[in-house]
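A.B. asks: What follows is a predicted structure for the sequence shown.
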Amino acid sequence: MTSKLTIIAEFHVPGIHLEAFLAVCAEDSRQSVALESGCHGFEVLSSPEDPNLVVLVETYTDRAAFEAHLKTPHFAVFAQAVKDYGVKENTVRFFNRTTP
């Protein structure tokens, strides 16, 4: 099934918590792709220009699949890490796929 929804989320992570936050993101990514039929991809990116910038690029079948993701135990761990590590959400943008 073709993914129709892409989410790009940017976070600023305090340097002291960067490694731990990246580990939480990696686990959220792994479990999302493995356990959620509506999740077709989940990349965790870091910037060589700004090492405290973490970008998540996630693809889902539709908005309902993304909403289901927000209710998973692995997302709850991610959301708690955002709070515990003082991570600032810069932007979260939603895009609809227009070409293959």
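C.D. replies: Great, that's in hand.
A.B. asks: Surely V82 touches A9?
C.D. replies: No - counting by CB atoms under 8 Å, V82 stays clear of A9, with 10.3 Å between them. C-beta here means a position set from N, CA and C on the backbone, and glycine is covered the same way.
A.B. asks: overlap in contacts of these two?
C.D. replies: E89 (CB atoms under 8 Å, 6 or more residues apart in numbering).
A.B. asks: Who are the packing partners of the lengthiest helix in the chain?
C.D. replies: Taking DSSP state H as the criterion, the chain has its longest helix at helix 18-35. Packed against helix 18-35, as judged by 3 or more CB pairs under 8 Å, 6 or more residues apart in numbering; DSSP states H and E, are the following elements: strand 39-46, strand 53-60, helix 73-84.
A.B. asks: in the sheet, who's paired with R93?
C.D. replies: I8 (DSSP bridges).
A.B. asks: for F42, same thing?
C.D. replies: E58.
A.B. asks: Kindly report the same for L53.
C.D. replies: What pairs with L53, by the bridge criterion (DSSP bridges), is H12.
A.B. asks: That one and G38, how far apart?
C.D. replies: 27 Å (CB to CB, to the nearest Å).
A.B. asks: which of the two has more neighbours?
C.D. replies: With neighbours defined as other CB atoms under 10 Å, L53 and G38 compare such that G38 has more, 19 against 16.
A.B. asks: Please tell me I have it right and that one contacts A68.
C.D. replies: Yes - counting by CB under 8 Å, G38 does reach A68; the two are 6.2 Å apart.
A.B. asks: Now for T91: which residues touch it?
C.D. replies: T91 touches 8-10, counting by CB under 8 Å, 6+ apart.
A.B. asks: Let me have the residues you listed in a markdown table, adding pLDDT as columns.
C.D. replies: Below are the contacts of T91 laid out as a markdown table (pLDDT from 0 to 100):
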| residue | pLDDT |
| --- | --- |
| I8 | 98 |
| A9 | 98 |
| E10 | 98 |
